[in-house]
Structure formats: C-alpha cells, structure tokens
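K.L.:
Sequence first, then the predicted structure, then my questions.
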Amino acid sequence: DTGVSQNPRHKITKRGQNVTFRCDPISEHNRLYWYRQTLGQGPEFLTYFQNEAQLEKSRLLSDRFSAERPKGSFSTLEIQRTEQGDSAMYLCGQGATDTQYFGPGTRLTVL
Amino acid sequence: DQQVKQNSPSLSVQEGRISILNCDYTNSMFDYFLWYKKYPAEGPTFLISISSIKDKNEDGRFTVFLNKSAKHLSLHIVPSQPGDSAVYFCAASAILHDKIIFGKGTRLHILP
C-alpha cells in the first residue's frame, strides 16, 4: 500500500458525459502526477503539480481535460464531453524523479 | 518515437531460476531508470531504480544493471517466485522534466 488513494476505482459513463476523478496523496509529498494507461501500453504522462501549481501538461491533455490541486493536497482530474477514446486507466502518482509511487488507479469505460 | 523500449512482450521462466528483463532507451539525458511491477486492475508498484551514474543497484532478489554506452538496462530477479508473475515496466526520468517515461511492458510468467 503506497498510501495514495484514488476514487472511484471504476467509472462507466456514456459518451458526452463529464466525469471527475479524485486522488488523495500522502500528505508529505509535494509533487503529484497524473498518467493514463491504455491496453497494451505503458502509462503515459498527463500532467503534474508542485504543491498547488500545475507545472507541466502533456499534449495528450486536450482542452476537454482539466486538473486541479487546491491547497496542494488532493487533486481532481475532470474530463468533459467524454469520448470512447478516453477509456483507460487513470493513475495518480507521488514522489520525485527517482521514485514515484502510484495509487490503484481509476478505470474509465466510455460507452 | 519511443524513448524507452521493451522489445520482449512476454517471457516465461521456471520457478527458482533467474528472470532477466531487458530495456533499451534512446535519450542520453535520462538521470534515473526505474522498474515497476503491475498486476491486473492495480496501479504499478515501484520495485527498484538506478541513477545514471551507477552501473548496478541491488535490493533483495532484484538487481538492475545499467550499460550507458549501449543505452541498455536489465532487471534480474533471482530466484524467481510464482508471485513474480506480472507485467514489468521499464521507465526513465530526467530531473529537468521530472515526468516518467514508460516502456510498453514485458509480461513475465513464472512456471511451476
């Protein structure tokens, strides 16, 4: 158990709906990362926060995606107007360059 | 263009023998290399990492070897146990960018 929790663990939604995921990290780590993993691929970086500041966003993060980390604690990832291509495992991680620990992930299925 | 490559999609090893998982990379600016293990429906579990200034790091049954001139690293698991059956991801990171870049993974099967 890494101490990083993610909710919900599974989400099934219809195309066009909005979804929001939450990540609750270990409080003492100030860096928080979001990744996405699709079938047969390794996790792909989406974005990361240093405390409450969002420092980098991948080109994978279209304008339908938004992430926040208010007060530098928990983080949310919202996807608006979901598409079938958004179906994936969304992973939250904490740590540093040499060690990142991941939560259990949220599995999103868009019908 | 894939910066971290795991060319073997799967590997089968007899229980008790050594498992060797290989990884190649293209970016010489990486500062750290990491190995993760993943079971279905779970997040990746961190196993071991190595700094780019070292050539070997060992932790229990896991040893990672780095050959910078060949841009190649490998993870050795000895002895292999049934619980080692999982997908293993090789990953790399650079201090300047901080994000981790993953390979596509190798599925390891430990045979009884």
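P.N.:
Thanks, I have the structure now. Numbers count the residues shown, from 1 in each chain, chains lettered A, B, ... in the order given.
K.L.:
going forward, measure contacts between C-alpha atoms and count neighbours the same way
P.N.:
Fine.
K.L.:
Pull up the residues of chain A that are close to chain B.
P.N.:
Counting by CA under 8 Å from any CA of the partner chain, the positions of chain A adjacent to chain B are A:33, A:40-45, A:48, A:91, A:96-105, A:107.
K.L.:
Filter these down to the buried ones, PyMOL style.
P.N.:
Of the residues of chain A next to chain B, the buried ones go into a single PyMOL selection, burial set by 16 or more other CA atoms under 10 Å in any protein chain shown:
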select buried, chain A and resi 33+42+43+44+45+48+91+96+97+98+99+100+101+102+103+104+105+107
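K.L.:
Among the residues of chain A next to chain B, which ones are in strands?
P.N.:
Cross-referencing the residues of chain A next to chain B against strands under DSSP state E gives A:33, A:44-45, A:48, A:91, A:96, A:99-102, A:107.
K.L.:
Those: which two are farthest apart?
P.N.:
The most widely separated members of those, counting by CA to CA, are A:Ala96 and A:Arg107 (24.3 Å).
K.L.:
what residue ranges in chain B score low on pLDDT?
P.N.:
Chain B contains residues with pLDDT under 70 at B:1.
K.L.:
now swap in chain A and tell me
P.N.:
Filtered on pLDDT under 70, chain A yields the residue ranges A:1-2, A:27-29.
K.L.:
Spatially central residue for it, please.
P.N.:
A:Trp34 (3.7 Å; CA atoms, centre = their mean).
K.L.:
Not counting sequence-adjacent ones, nearest residue to that residue?
P.N.:
Nearest residue to A:Trp34 in three dimensions, chain neighbours excluded: A:Cys92, at 4.7 Å (CA to CA, 6 or more residues apart in numbering or on different chains).
K.L.:
A:Leu32 is in contact with the one you found, correct?
P.N.:
Yes - the pair formed by A:Cys92 and A:Leu32 meets the contact definition of CA atoms under 8 Å, at 7.1 Å.
K.L.:
For these two, indicate the residue with more neighbours.
P.N.:
Comparing A:Cys92 with A:Leu32 by other CA atoms under 10 Å in any protein chain shown, the one with more neighbours is A:Cys92, at 32 against 29.
K.L.:
Spit out the contact partners of that one.
P.N.:
Applying CA atoms under 8 Å, 6 or more residues apart in numbering or on different chains to A:Cys92 gives the contacts A:4, A:6, A:23, A:32-35, A:102-103, A:105.
K.L.:
This completes my enquiry, with thanks.
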